[in-house]
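Undergrad: Fold the following.
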Amino acid sequence: MNILKPLFLFIIYFNVTILFAQEKFTLSGTISEFSSNETLIGVSVIFPELQTGTSTNEYGFYSITLPKGDYKMIVSYVGFSDISSTINLHKNISKNFSLIESSEILEEVVLKENVEQLNIRKPQMSVNVMSSATIKQIPVVLGEVDVIKSITLLPGVTNAGEGSSGFNVRGGAADQNLILLDEATIYNSSHLFGFFSVFNPDAIKDLKLYKGGIPSRYGGRVSSVLDIYQKEGNNKKFHVNGGIGIVSSRLLLEGPLKKEKGSFLLGGRSSYVHLFLPLFDIKSVAYFYDLNTKLSYKINPNNNIYLSGYFGRDVFSISDSFENTYGNTVINFRWNHLFSDKLFSNVSLIYSDYYYGLKLNFIEFNWNSGIQNLNVKYDFKHYLNDKFKLNYGLNSIYYKFNPGDIEPTGSSSGINPFKLIDKYAFENAVYIDAEHQVTDKLALSYGIRYSSFLRLGQDELNLYENDNAVVFNQELQIYEKSKPISTATFKRNETIKSFGNLEPRLSLAYQLNNESSLKASYNRMSQYLHLLSNTSSPTPLDVWTPSGKYVKPQLLDQFAIGYFRNIDNNKYSFEIESYYKTIKNRIDYIDGADLIANNAIEQVILNGEARAYGLEVLLRKNKGKFKGWLAYTLSKSEQKTEGRTALELGINNGEWYNTPYDKTHDISLTGSYEFNKKWRFNTNFLFQTGQPVTYPNGQYQYNGITIPSYTLRNEFRLPGYHRLDLSANYTPKPDKNKGWQSEWVFGIYNIYNRKNAASISFRESEIAGVNEAVKLSIFGIVPSISYNFKF
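TA: I've put the predicted structure just below:
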């Protein structure tokens, strides 16, 4: 009997525990904007009494399971008025909310509870979020709103300067950023060689940049993830907005397919400066155009479908002799399904294509290249309870790489058709990620991702002695191309080389008090695709290549730690982070590497390593007439390629050297001041340490030819980059909420006319006959004016 008593008590305790556990119910639903029914991402749903809460996912859905009871609930989102209500949670409840923009309410209710406390408690760090409204307030060159230029004002984000494509995050290369538009990969993020981004700001709903602590649902790149979602379209009424600028205009149409069930969105942009060039007897042409589309339909409360697309093209030509065309194409079908009030799922079928073409009429041939992929994703979000959530899923991507082919266009060209060998690959991944509120003060996010990469068969593959495609010439002390000893042919369903990597992720937050917390993160990531480029920023001519027999995948390990604080009830916020990351198998190029139209690219590249570390500071003012932020980054970015044996020198004598993306100091100040209802003034100031460069340090004569000799790689720098921009927004009728509404935007880019160096080249002076340095600057002071409208 004494033995049965403890067992009996345990059974009673176990059943009582289950009984109480069963006295929990789930509140779920979607949160949208009142005027358009556009779902909102990242809305905070707070229960102050329980000091817990949740937020909406990428499709506006939320779910939280709590003990039975009556609770006060707050729904809060930046730029919208809070909702406060009492929830009687005595059964499972499905409840949707519609938020109204703050500007549309005469008397905004100010809640005393600090809803930002939820963000302090979240383990998520190294993440920056920007709304379309914030992006539109930032002064930019020629008055064209630019998503990519806007994120370079954040800590840890830079680019190679004016007129450069892409962006660099924490000392990484531009190809190490995963850029997603509605989950589809964008391979080139710029129009007109970097002067504008491919993203139409009117079509964007949400933008999130992950620099570290990256969740396990993301993979394939080792530096950052830029995740952008398009608007779904207004399913209540037809709506038009657009803008007319100096160099381009845009127009966006949206409206219901079926009221409050389906919607459409159609947006387009185009530049038109080229139309006026003939007036000045200029025969060169440069222009871009793009199209954003989206169809959304709610089948029933548990099923939603979306069909979205993007098509963009750039055209650049010189007279009738040369024409360059490039751009992205994306098509994406998604199906949201709600299995229960706790289990949300999304299936995505995605097609992405990046095309690059040249027409060289003066030598009568065309050049075409590109990359295509088909991506299948299945993602789940499981809201187990208010303390524990799971994200899990899988995805598979099939790639086809066209390095280039030449097509003669005339019988007199003397050029034969030539096709670089197509390459094929298959990338797969499965992941699981947990969000765990361990105690009132400690929150964790942890998960793991397993990725595999199969380099599939191709028509011809070079084979080399000892598998060394690059050899070291002991006599000349230089690296040279190795000669193939034979070739091999593989069927498409055969595997040339396979890789597999486990990628653990961990983030934690420890709440010091209601206003501050310490956070730390670690993530390991793999990158199987490489952009072949010997410039500091991507160009359309750069070619993507997959990992394989001679090219290894890049492997990242990144650690970060930070302190986060809300000040004066979130009137101000302060963040400081420090990070350290290493990358294995970073591609490096031998001296004199030729990358264009190279059918054996493995003969000019070596696998090295890279590292970057730094300190990031971000101080924001979030409330009041003046809002803005101050960002500062102190960082170092280096790479090294040692000799494979003791007899080899390696690249740069095997020593660490600055990457082209190393910027020691990066300071940006961004501000917006609402003078009155009609006028808003905006400004930003930037300073960056000059870009690393390699200069010649002498010259010698060989057979009557002057040949320069160079210093070690990236040993010098361009002069420091800085500028000040100003803009003013004028709204003639700010209180008008219906019918035609308009806004004028006046801007001055680089107001003190700083001639920042894009490059410095060397030549012999025609007058003095001595060598001289020549600085190339792209922009001085640039005024602009644009007109925005909606109805």
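
Undergrad: burial count for E766?
TA: 7 (other CB atoms under 10 Å). (Each C-beta comes from the backbone N, C-alpha and C, glycine too.)

Undergrad: which SS state does it fall under?
TA: coil (DSSP: H, G, I helix; E, B strand; the rest coil).

Undergrad: pLDDT value on it, please?
TA: Looking at E766, its pLDDT stands at 72.

Undergrad: Please determine how far it is located from A773.
TA: 15 Å (CB to CB, to the nearest Å).

Undergrad: you'd agree S727 is in a helix?
TA: No - looking at S727 with three-state DSSP, it is strand, so not inside a helix.

Undergrad: my guess is it meets I748, correct?
TA: Yes - S727 lies in contact with I748 (CB atoms under 8 Å); the separation is 7.4 Å.

Undergrad: a helix runs through S84, doesn't it?
TA: No - under three-state DSSP, S84 sits outside any helix and is assigned strand.

Undergrad: hang on, isn't it packed against M73?
TA: Yes - proximity of S84 to M73 meets the contact threshold set by CB under 8 Å, at 7.3 Å.

Undergrad: Tell me which helix or strand comes right after the helix-or-strand element of the chain with minimal mean pLDDT.
TA: Ranking every helix and strand in the chain by mean pLDDT, DSSP states H and E puts helix 4-22 at the bottom, with a mean of 47. Proceeding N to C from helix 4-22, the next assigned helix or strand is strand 24-33, under DSSP states H and E.

Undergrad: which residues does the spatially most central residue of the chain contact?
TA: Per CA atoms, centre = their mean, the C-alpha nearest to the average position across the chain is that of L226, at 2.1 Å. Counting by CB atoms under 8 Å, 6 or more residues apart in numbering, L226 makes contact with I151, N177, L178, I179, L180, L207, K208, L209, Y210.

Undergrad: same deal with F574?
TA: Y563, F564, R565, I567, L618, L619, R620.

Undergrad: Could you give the bridge partners of the fifth one?
TA: So that's L618. On the basis of DSSP bridges, L618 takes part in beta bridges with E575, A631.

Undergrad: cool, the first one as well?
TA: Beta bridges link Y563 to L518, I576, judged by DSSP bridges.

Undergrad: Now S317: closest residue in space, sequence neighbours ignored.
TA: E323 (4.1 Å; CB to CB, 6 or more residues apart in numbering).

Undergrad: That neighbour contacts F316, doesn't it?
TA: Yes - at 7.3 Å, E323 counts as touching F316 under the criterion of CB under 8 Å.

Undergrad: For burial, what's the neighbour tally of L512?
TA: So L512, with other CB under 10 Å, has 13 neighbours.

Undergrad: element containing it, please.
TA: strand 495-513.

Undergrad: Quick one: residues contacting the residue nearest to G720 when sequence neighbours are not counted.
TA: Setting aside the residues directly before and after it, G720 is nearest to G690 in space (CB to CB, 6+ apart), at 5.1 Å. G690 is in contact with R717, L718, P719, G720, Y721, A757, counting by CB under 8 Å, 6+ apart.

Undergrad: hang on, G690 in a strand?
TA: No - G690 is assigned coil when assessed by three-state DSSP, not a strand.

Undergrad: what's the spacing between it and Y479?
TA: 29 Å.

Undergrad: and if you look at K68?
TA: K68 is 71 Å from Y479, by CB to CB.

Undergrad: Of the two, give the one with the bigger neighbour count.
TA: Between K68 and Y479, Y479 has the larger neighbour count (other CB under 10 Å), namely 25 against 13.

Undergrad: what's that one in contact with, if anything?
TA: V470, V471, F472, N473, I590, D591, L606, E648, I651.

Undergrad: cool, T633 as well?
TA: Per CB under 8 Å, 6+ apart, neighbours of T633: P155, G156, T158, G614, L615, E616, V617, K663, H665, D666, I667.

Undergrad: picking that back up, and of the contacts of L226, the nearest to N703?
TA: N177 (44.9 Å; CB to CB).

Undergrad: okay, now the nearest residue to the closest one once chain neighbours are set aside: neighbour count?
TA: What sits nearest to N177 in space, not counting adjacent residues and going by CB to CB, 6+ apart, is S224, at 4.9 Å. S224: 27 surrounding residues under other CB under 10 Å.

Undergrad: S224 contacts L209, doesn't it?
TA: Yes - counting by CB under 8 Å, L209 is a contact partner of S224 at 6.3 Å.

Undergrad: Now the common contact residues for these two.
TA: Common neighbours of S224 and L209 (CB under 8 Å, 6+ apart) are V169.

Undergrad: so A133 sits in a helix?
TA: Yes - counting by three-state DSSP, A133 is part of a helix.

Undergrad: Check what pLDDT the closest residue in space to it that isn't next to it in sequence gets.
TA: Leaving aside its chain neighbours, A133 sits nearest to G79 (6.5 Å; criterion: CB to CB, 6+ apart). G79 carries a pLDDT value of 79.

Undergrad: what's around G79, how many residues?
TA: The burial count for G79: 13, using other CB under 10 Å.

Undergrad: Then G213?
TA: Around G213 there are 25 residues (other CB under 10 Å).

Undergrad: Just the pLDDT for it.
TA: G213 is given a pLDDT of 92.

Undergrad: And T539, by the same measure?
TA: With respect to pLDDT, T539 scores 61.

Undergrad: Please apply the same query to I651.
TA: Value listed for I651 in the pLDDT field: 89.

Undergrad: Give me the distance between the residue lying closest to it once chain neighbours are set aside and K208.
TA: Leaving aside its sequence neighbours, I651 sits nearest to T641 (CB to CB, 6+ apart; 3.9 Å). Distance of T641 to K208, computed by CB to CB: 34 Å.

Undergrad: Check L358 too.
TA: In terms of CB to CB, L358 sits 36 Å off from K208.

Undergrad: picking up where we left off before, where do the contact lists of S727 and I748 overlap?
TA: Contacts common to S727 and I748, judged by CB under 8 Å, 6+ apart, are P139.

Undergrad: So which of these two has more stuff around it?
TA: It is S727, of S727 and I748, that has more neighbours when counted by other CB under 10 Å, with 22 against 19.

Undergrad: got the contact list for that one?
TA: Q137, P139, G143, F681, N682, T683, V745, F746, G747, I748.

Undergrad: Just the closest of those residues to G414, please.
TA: G143 (47.3 Å).

Undergrad: Can you pull out the residues in contact with the helix or strand hosting S270?
TA: Assigned by DSSP H and E, S270 belongs to strand 262-271. The contact list for strand 262-271 (CB under 8 Å, 6+ apart) reads 37, 191-192, 196, 200, 202-203, 230-235, 247-257, 286-298.

Undergrad: Between strand 262-271 and the helix or strand just after that strand, find me the angle.
TA: Where DSSP H and E defines the elements, the next helix or strand beyond strand 262-271 is strand 285-300. Interaxial angle, strand 285-300 versus strand 262-271 (axes from the mean of the first three to the mean of the last three CA atoms, to 10 degrees): 170 degrees.

Undergrad: quick check: angle from strand 285-300 to strand 24-33?
TA: Using the same axes, to 10 degrees, strand 285-300 lies at 140 degrees relative to strand 24-33.

Undergrad: Report the buried residues of strand 285-300.
TA: 285-298 (16 or more other CB atoms under 10 Å).
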